[in-house]
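In: Give the three-dimensional model of this entry:
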Amino acid sequence: MEIYLKICKSHLKHHLKYHLLAAVLLFCLMPFLVSTENLGPQETAKTLETYAALMGIVLLVPVFMADQDKDIRDLIRSKQMPLTKIHGIRILEGVIFLVMAEAACIMFLKGCKCSFPGWSYFFGTMAGALFLGGLGMFFYSLTDNPAVGYMVPMVYYAINFGGGRYVKNFYLFSMSEGDFGPKYWLAAGGILLLSLGIFWRRLRP
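Out: Numbers count the residues shown, from 1 in each chain. Okay, the predicted model is just below:
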């Protein structure tokens, strides 16, 4: 357990803290960029899906930045703990902070007298955030390029404004249209992409 905590602390201190600051800034800008006061269920869902879900990109994509350099990867591989397990610990840490960020958004909107089912909307927002973060992390792993890791989920995000007919069961904004079905696909897809990203990273030289 001590070694796991050491990995978490090191990742937080040297890399994740900057992305946490970005997530905090994103949260603080929320009332200035989207509607947050006295919203009904549909309007609240729109705010969460189009804004709060972006936290997944901020907190999950940069998992591999700590070993972006090949020499560092080779050094880590020479240690006893497998690189795959280290990446898994970093993802878990990112997901924990993502849960906290999305919960903060939910509580903030509740405090702004918005009317919506809290737990259902929390799950729906997390599903979208996991998928966007997983999509970015997978392409980061595939290309070894963090810029691609950020660009791909943002392009996918933009495509969704054209409606669910383009992405079918992986539509990001279904909750604001009263359909929770795609959220299960997004959650499963996000978990799969995160797993594939770790697996592919292990195969890289």
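In: How about the secondary structure of Arg165?
Out: coil (DSSP: H, G, I helix; E, B strand; the rest coil).
In: Look up phi and psi at it.
Out: phi -70, psi -20 (degrees, to the nearest 10).
In: residues contacting it?
Out: Neighbouring residues of Arg165 by C-beta atoms under 8 Å, 6 or more residues apart in numbering: there are none. C-betas here are computed from N, CA, C, even on glycine.
In: repeat for Gly190
Out: Gly56, Ala127, Ala129, Leu130, Phe131, Leu132, Gly133, Gly134, Leu135.
In: Measure how far the one helix or strand the fifth one maps to is from the centre of its chain, please.
Out: Taking DSSP states H and E as the criterion, Phe131 maps to helix 118-143. Using C-alpha atoms, centre = their mean, to the nearest Å, the mean C-alpha position of helix 118-143 is found 4 Å from that of the whole chain.
In: cool, stretch 61-71 as well?
Out: Between the centre of stretch 61-71 and the centre of its chain there are 17 Å (C-alpha atoms, centre = their mean).
In: What of stretch 41-58?
Out: Worked out by C-alpha atoms, centre = their mean, stretch 41-58 lies 12 Å from the chain centre.
In: same deal with stretch 147-164?
Out: That offset, for stretch 147-164, works out to 13 Å (C-alpha atoms, centre = their mean).
In: Quick check: the gap between Pro146 and Phe173.
Out: For Pro146, the distance to Phe173 equals 26 Å [C-beta to C-beta, to the nearest Å].
In: immediately after the helix or strand bottoming out on mean pLDDT in the chain, which helix or strand?
Out: Lowest on mean pLDDT, DSSP states H and E among the helices and strands of the chain sits helix 70-77, with a mean of 66. With elements assigned by DSSP H and E, the helix or strand that comes after helix 70-77 is helix 83-111.
In: if you average pLDDT over that next one, what comes out?
Out: Average pLDDT, helix 83-111: 94.
In: elements contacting it?
Out: Counting contacts by 3 or more C-beta pairs under 8 Å, 6 or more residues apart in numbering; DSSP states H and E, helix 83-111 packs against helix 2-11, helix 17-33, helix 41-50, helix 55-60, helix 70-77, helix 118-143, helix 181-203.
In: Show me what the first one is packed against.
Out: What that stands for is helix 2-11. helix 83-111.
In: Kindly calculate the angle that the helix it packs on makes with helix 41-50.
Out: 150 degrees (axes from the mean of the first three to the mean of the last three C-alpha atoms, to 10 degrees).
In: Flag every buried residue along helix 83-111.
Out: 83, 86-91, 93-95, 97-98, 101-102, 104-106, 109 (16 or more other C-beta atoms under 10 Å).
In: Could you do stretch 168-188 as well?
Out: In stretch 168-188, counting by 16+ other C-beta under 10 Å, buried: Phe170, Tyr171, Leu172, Phe173, Ser174, Met175, Ser176, Pro182, Lys183, Trp185, Leu186, Ala187.
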